[in-house]
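Enquirer: Structure for the following, please:
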Amino acid sequence: MITDEQLASRQADAEEELEDALDEQIEDESKSKHGRLMFWLHVVAFVLGLALLVYVINRVGLQPIFDALGRIGFGFFLLLLISGARHALRTLAMSTAVPPKHRRFNFSQAFAVRLGGEAISFLTFTGPVLGEATKVALLKKRVPLTYGVPALVIDNILYNLSVVVFILSGACVMLWTYNLPPLVRYVLFAIAALSALGIFLTGYFAHRRVKVLTGSLEKLARIGIKPKAITSRLEHLYELETKVYDFYKHRPGAFFSIIALDFLSHATSVYEVYATLRMLDLTPAISAAYVIESLTKVINFVFGFVPATIGVYEGGTEIILQTLGFAAATGVTLALVRKAGSVFWTGLGLLILLWRTVPKATRRVMDKSPRLRKVMDSLVLSNISHRPARTFVSILGIAVGVLLIVFTVGLAHGVLRERGRRESNIGAEIMVRASGTIGLTSSQPFAVPVTRAQEIARVEGVRAAIPLGQDIVKSDKGFGSRVVDGINFDEYAAVAGLNIVEGRKLESGDEAIVDTTWQKERQASIGSTVMLYERPFRIVGTYEPPGGGRIKIPLATMQDQLGSEGKASSILVACKNPAEQDAVAARIRERFPDDQIIFTRDLPELYASSVPALDVFIKVIVGIAASISLLVILLAMYTTVTERTRQIGILKSLGMSKTTIAWVIEQEAIIVSLLGVIVGLILTFGARYAVMRSTSLIIEIEPRWLGIALLVGLLGGTLGALYPAIRAARQDAVEALSYE
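Expert: Reported below is the predicted structural model:
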């Protein structure tokens, strides 16, 4: 029988449990609301940062930034190595913080852990908090948590201490070296004072062994802020802080090694800034690079809650460099180049995280979805995943074939159409050439009398008619050729709207003018020379807009060289009303029935289709690509069938038909081929971007050739798997079962 006292006690316990449940529910709701609020605050910060980035780039201008990035060029790979060295030094520091007897990992594994954690820090709103938690999770299989967590905390404390020292020294160097406005000096004094205060407090807390975290949480618990949650964690936090304070006492060598590695990582950052500025054709002092790096660390620290510090890093770097006397575009370019390096290592870190987490996640998803597990357990997909290296090589082989087709055709047609567009951008609507002229440009002797221009000029509707000489000469690069225009400058400039932007106009003799694009590519200057007709021509000016050949010389000089005095390769005709060019062309044809008449509007497509050998070349490329796809799949599937002879025998003995066995092999080939096509298209667009950003070449990706590449990849893979599929289907079940 239950007494009144027992009943009252049970009722009190139930009430206490109910109160605890309500408290937990309220706490969970509070956390949820707080989490949502923080999420949206960070989203707003990201959007504002993005808006700031757009504003900064718009104010500075895209062209100065592109010009500066163009000067970096392949030097970006050197900058990646420098930033990689910084990650390597930080990895060594993190490894050193772990006690040797518990350090069950090698450098590459530690490097992967660092990149994975830094990727999360760079991309997420939580910054280093979640990044360090990611490192702990990645290390927990190799280092016990009781040693891994303190090691990461110690590594971060010492690194942040080195950052504060670095910022303090940078502010002092800037104050000592530069003559600064009063406002900037006050800001630097504030930064230096806060840094010095941080160093002093760190030393004081370490000397007095003040348990900052534990003490703060105890005070929060005493005033009633989440007392149960705090009390349950106090013991672990006290132990963690004790290990941190005992680190120097038990491992002084490791302490100083970590400090040294951290300062070396700062040195690599300074060198990265210095090398970037040198690539931008500047000659900065080491002190300037030191100051820039120290102050950008202030930006990273203050705005660490903004994902990727987007906008604020670029804007802050611009302000810092302007204060030091550099151009605004230089600051933005420096920030973008360094941000690109961070994005590269972040991408590598994300790949590492995917490599480490996707298999487990996939298994969990399949455990929860029997239907998906059934699909993944199918013969086709299991065959593909059973030999990942061979599958990858097969995909890559087909991708190379796709790349050959789409990229080669895009490059050929793009270059020719761009040439046609330049030829059509000469202010004339009609080109008149002598009868019997072969091709659009050639090394044939000039056949049109220069006096023909005067005769055409008298035709109704003609605004101007000027002679043009055009010749193909050997490139000074040692291979290929280039088109050179021979012009009478004043006449040609009046029709084409040519403007000299630097230097002077053509006069006579061995002189040349070049367009601004050619000048930038060759880094040419006024007074330098270019080899034409096996002798130097002095560059006397640069012009805009680009049109026709990129190099132009006096028409008389070209006529003397080719022995065609009084002749030209064509006559350019500008109409009074371009809309009436067809009628004007008809009048010219009536007056000169034997001459060839070409509309400049048709030149892009005419150039793309005017090279007979190009069609043959493209057919050869398509044939090679199809052969590669066929052979790669043939070898892969043949090897697959050979290795799985016993399995095929088992399937046949269980009643699987020949058609089904052959279809399994074909399905595998089709899937691999499709993946190869996708990878090939990704490689093609990547190569297109890289080539067009680093050169003036134009690559046009045509939908028709995308379809052809898809067809070639799939058809080649399907036909390549045909023989192995038939061979597998025809195997005798008894012989297959006895195969060794």
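
Enquirer: now the strand ranked longest in the chain: mean pLDDT?
Expert: Ranked by residue count and defined by DSSP state E, the top strand of the chain is strand 462-474. Mean per-residue pLDDT for strand 462-474: 83.

Enquirer: And the helix or strand following it, what's buried?
Expert: Later in the chain than strand 462-474, the nearest helix or strand by DSSP states H and E is strand 481-487. In terms of neighbour count (16 or more other Cβ atoms under 10 Å), strand 481-487 has its buried residues at 482-487. C-beta coordinates here come from the backbone N, C-alpha and C atoms, glycine included.

Enquirer: Where does residue 508 sit: helix, strand or coil?
Expert: coil (DSSP: H, G, I helix; E, B strand; the rest coil).

Enquirer: burial of the nearest residue to it once chain neighbours are set aside, as a residue count?
Expert: Of all residues beyond its chain neighbours, the one nearest residue 508 is residue 554 (5.4 Å), with distances taken as Cβ to Cβ, 6 or more residues apart in numbering. Neighbours of residue 554 under the rule other Cβ atoms under 10 Å: 22.

Enquirer: who's residue 554 bridged to?
Expert: According to DSSP bridges, the residues that bridge with residue 554 are residue 487.

Enquirer: so it touches residue 509, yeah?
Expert: Yes: with contact defined as Cβ atoms under 8 Å, residue 554 reaches residue 509; the gap is 7.1 Å.

Enquirer: rewinding a little: what pLDDT does the model give the residue nearest to residue 508?
Expert: Predicted confidence (pLDDT) for residue 554: 90.

Enquirer: do you know how far it is from residue 487?
Expert: To residue 487, residue 554 is 7 Å away according to Cβ to Cβ, to the nearest Å.

Enquirer: any common contacting residues for these two?
Expert: Residues touching both residue 554 and residue 487 by Cβ atoms under 8 Å, 6 or more residues apart in numbering: residue 506.

Enquirer: how far does stretch 469-486 stretch from start to finish?
Expert: By Cα to Cα, to the nearest Å, the extent of stretch 469-486 from end to end equals 4 Å.

Enquirer: what do you get for stretch 492-503?
Expert: 17 Å.

Enquirer: So which bits of that stretch are buried?
Expert: By 16+ other Cβ under 10 Å, the buried positions in stretch 492-503 come out as 492-493, 495-496, 498, 500, 503.

Enquirer: among the residues you listed, which are in strands?
Expert: 500, 503.

Enquirer: Mind putting the buried residues of stretch 492-503 into CSV with distance to residue 101 and pLDDT?
Expert: Shown next, in CSV, are these (distance: Cβ to Cβ, whole Å; pLDDT from 0 to 100):
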residue, distance to residue 101, pLDDT
492, 81, 84
493, 81, 84
495, 83, 83
496, 78, 80
498, 77, 82
500, 75, 87
503, 72, 88
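
Enquirer: so where's the stretch 151-300 of the chain shaky on pLDDT?
Expert: 213, 215-217, 220-222, 224-237 (pLDDT under 70).

Enquirer: all helices in the stretch 51-200 of the chain, in order from the N-terminus.
Expert: For the stretch 51-200 of the chain, the helices defined by DSSP state H, counting those that start in this stretch cover 62-72, 75-97, 107-123, 128-139, 145-177, 182-208.

Enquirer: Return the most buried member of the ones you listed.
Expert: helix 107-123 (a mean of 21; mean count of other Cβ atoms under 10 Å).

Enquirer: Using PDB, list the CA coordinates for that one.
Expert: Taking C-alpha atoms only, helix 107-123 is exported to PDB below (Å, rounded to 0.1, in the frame of the first residue of the first chain):
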ATOM      1  CA  PHE A 107      52.300  14.400 -43.000                       C
ATOM      2  CA  SER A 108      49.900  13.800 -45.900                       C
ATOM      3  CA  GLN A 109      47.100  12.800 -43.600                       C
ATOM      4  CA  ALA A 110      47.700  15.800 -41.400                       C
ATOM      5  CA  PHE A 111      47.800  18.100 -44.500                       C
ATOM      6  CA  ALA A 112      44.400  16.700 -45.600                       C
ATOM      7  CA  VAL A 113      43.000  17.300 -42.200                       C
ATOM      8  CA  ARG A 114      44.200  20.900 -42.300                       C
ATOM      9  CA  LEU A 115      42.800  21.600 -45.700                       C
ATOM     10  CA  GLY A 116      39.400  20.000 -44.800                       C
ATOM     11  CA  GLY A 117      39.100  22.100 -41.700                       C
ATOM     12  CA  GLU A 118      40.200  25.300 -43.400                       C
ATOM     13  CA  ALA A 119      37.700  24.700 -46.200                       C
ATOM     14  CA  ILE A 120      34.900  24.800 -43.700                       C
ATOM     15  CA  SER A 121      36.400  27.800 -41.900                       C
ATOM     16  CA  PHE A 122      36.600  29.700 -45.300                       C
ATOM     17  CA  LEU A 123      33.100  28.900 -46.500                       C
END
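
Enquirer: Contacts for it next, please.
Expert: The contact list for helix 107-123, computed with Cβ under 8 Å, 6+ apart, reads 87-88, 90-92, 94-95, 105, 127-128, 130-132, 134-135, 138-139, 142, 307-308, 342, 345-350, 352-353, 356.

Enquirer: now do 7 Å
Expert: Residues outside helix 107-123 that contact it (Cβ atoms under 7 Å, 6 or more residues apart in numbering): 87-88, 90-91, 94-95, 127-128, 130-132, 134-135, 138-139, 142, 307-308, 342, 345-346, 348-350, 352-353.

Enquirer: Same question for stretch 163-172.
Expert: Identification of contacts with stretch 163-172 by Cβ under 7 Å, 6+ apart yields 188, 191-192, 195-196, 198-199, 266, 290-291, 294-295, 297-298.

Enquirer: Go through the residues you listed and name the one nearest residue 148.
Expert: Checking the contacts of stretch 163-172 against residue 148 with Cβ to Cβ, the nearest one is residue 266 at 25.0 Å.

Enquirer: So for stretch 571-580, what gets flagged as buried?
Expert: Applying a neighbour-count criterion of 16+ other Cβ under 10 Å, the buried positions in stretch 571-580 are 571-575.

Enquirer: One more: stretch 310-328?
Expert: 310-321, 323-324, 326-328.

Enquirer: Mind checking which of those are in helices?
Expert: With DSSP state H as the criterion, helices contain 312-321, 323, 328 from among those.

Enquirer: Helices along the stretch 551-700 of the chain, start to end?
Expert: 555-562, 581-591, 603-608, 612-643, 645-653, 658-694.

Enquirer: same check, this time on the stretch 301-450 of the chain
Expert: 312-323, 328-368, 370-376, 379-386, 388-424.

Enquirer: mean pLDDT for those helices: which is lowest?
Expert: helix 370-376 (a mean of 46).

Enquirer: neighbours of residue 527, just the number please.
Expert: Using other Cβ under 10 Å, residue 527 has 9 neighbouring residues.

Enquirer: List the contacts of it.
Expert: Counting by Cβ under 7 Å, 6+ apart, residue 527 touches 538-539.

Enquirer: which SS class is it?
Expert: Secondary structure for residue 527, judged by three-state DSSP, is coil.

Enquirer: phi, psi of it?
Expert: With angles defined as degrees, to the nearest 10, residue 527 sits at phi 100, psi -20.

Enquirer: Give me the pLDDT for it.
Expert: pLDDT, residue 527: 85.

Enquirer: Quick check: it vs residue 512, distance?
Expert: Distance, residue 527 to residue 512, by Cβ to Cβ: 11 Å.

Enquirer: Name the residues contacting each of these two.
Expert: Residues within reach of residue 527 and of residue 512 at once, by Cβ under 7 Å, 6+ apart, are 538-539.

Enquirer: Return the member of the helices of the stretch 551-700 of the chain having the minimum mean pLDDT.
Expert: helix 603-608 (a mean of 62).
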